[in-house]
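K.L.:
What follows is a predicted protein model with its sequence.
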Amino acid sequence: MKIAFFTEGNWLGKVSRDNPNMRTEMAWMCTLNADHYNIHGGNIQGEYDLAVCIIPKKNPKFDTSRIRRQCKQVTSMQEGPHWYFQDYPLEQQIWYYNTLQEMDFLFVHNEIDKKYFQGLTNKKCKILPSLMIEDTLKDIPDNVGEGVMMGGNFCQWYGGFDSYIVAQQFGTDVTVPSMGRKIEGEEEMENLTHLSYLNWTNWIAELSKRKYGVHLMRTHAAGTFALNCAYLGIPCIGYKGLDTQEICHPNCTVEVGDLVKAKQIAEKLRIDEDFYLYCINTAKEKYKEHYHENKFNNTFKEQFKIS
């Protein structure tokens, strides 16, 4: 199956397995041996069986007819939470909805997103799981680290304040990555260290130095933080709604807003060594069972009946 991805990135070609910045969409392109094109223009070289369009958040309008002329099937890949398009002006909301209606089917992140987009569009939806390409991670040691890593900062999108309150329960150093939505005053918070920007490989290496993860994010997106923690065997406390969280960290998952339960889990992870080790082993096993690259490729082949 010949596949092309269309994003707002201004580059052309394939993603090599040694790419140090293997974010989720790059991992999809890599394992599917897909070609990449800019979604807003440029020559499409040859014909494709499937086009996957990742609709840009800031400039969502693009010409679907240009892509459809070269591709037998055209789909969109959910970018961010299913509700984000409702922050657009109404004209762009309607355009986004009409664009989804032009697709042959839709790729989504989570079961909850599948229900939403099927109800919104009456289109068939397929879950495209988050993915990690492990080639650049082989030198990362497999050991238990120290401290807590939060999954995001203090804007509403990432729910950092919830994570910060629960992270303090561990009584150890707390670190947070620097994100594009970082808000003023964050660096003045007590017992909180901000990382500088890191490429994906260096981010995984930095995360591996931590003992616990907390990402109480109400936004349902790709769930990469919970997945990264599972790969490394780091228990991650998070809210329901993200498939990666619920599948890989079932004993560390709470209802949205239930900080009482989240703090209880943090305390149990801190004082109960057997529970902590059980959560480590569960995360690693669930990652291999549900999110390893081989599993991803087999699921993709089954969806499209590829031999």
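P.N.:
Cool, got the structure.

K.L.:
what about Ile265, which helix or strand?
P.N.:
Assigned by DSSP states H and E, Ile265 belongs to helix 259-271.

K.L.:
Could you pull out the buried residues of that helix?
P.N.:
Across helix 259-271, burial judged by 16 or more other C-beta atoms under 10 Å covers 262-263, 265-266, 268-270. In this view, the C-beta of every residue, glycine as well, is placed from N, C-alpha and C.

K.L.:
elements contacting that helix?
P.N.:
Helices and strands touching helix 259-271, by 3 or more C-beta pairs under 8 Å, 6 or more residues apart in numbering; DSSP states H and E, are helix 160-167, strand 212-215, strand 236-239, strand 253-254, helix 273-290.

K.L.:
And the contacts of the second one?
P.N.:
Counting by C-beta atoms under 8 Å, 6 or more residues apart in numbering, strand 212-215 makes contact with 147-152, 158-159, 163, 166-167, 170, 207, 225-226, 229, 234-238, 245, 262, 266, 269, all of which sit outside it.

K.L.:
okay, the angle between the next helix or strand after it and helix 273-290?
P.N.:
Going down the chain from strand 212-215, the next helix or strand is helix 224-232, by DSSP H and E. Put simply, helix 224-232 runs at 100 degrees to helix 273-290, going by axes from the mean of the first three to the mean of the last three C-alpha atoms, to 10 degrees.

K.L.:
circling back: narrow the contacts of strand 212-215 to those that are buried.
P.N.:
148-152, 158-159, 163, 166-167, 170, 207, 225-226, 229, 234-238, 245, 262, 266, 269.

K.L.:
what sits opposite Ala51 in the beta ladder?
P.N.:
Beta-bridge partners recorded for Ala51 (DSSP bridges): Ala4, Val74.

K.L.:
check contacts around it.
P.N.:
Ala51 touches 3-6, 67-68, 70-71, 73-75, counting by C-beta under 8 Å, 6+ apart.

K.L.:
Give me the buried subset of the residues you listed.
P.N.:
Those of those that meet the buried threshold are 3-6, 67, 70-71, 73-75, by 16+ other C-beta under 10 Å.

K.L.:
Pop the domain breakdown of this protein in here.
P.N.:
3-131+293-304, 136-290 (automatic domain parsing).

K.L.:
and which of the buried residues of helix 259-271 is nearest Asn43?
P.N.:
Checking the buried residues of helix 259-271 against Asn43 with C-beta to C-beta, the nearest one is Ala262 at 50.6 Å.

K.L.:
Look up how far Glu206 lies from that closest one.
P.N.:
To Glu206, Ala262 is 23 Å away according to C-beta to C-beta, to the nearest Å.

K.L.:
can you put the helices and strands packed on helix 259-271 in CSV and add mean pLDDT?
P.N.:
Shown next, in CSV, are these (pLDDT from 0 to 100):
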stretch, mean pLDDT
helix 160-167, 96
strand 212-215, 98
strand 236-239, 98
strand 253-254, 98
helix 273-290, 98
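
K.L.:
what are the ranges of the strands in this structure?
P.N.:
In the chain, the strands defined using DSSP state E lie at 3-7, 35-38, 48-54, 71-77, 105-108, 125-127, 148-150, 174-176, 193-194, 212-215, 236-239, 253-254.
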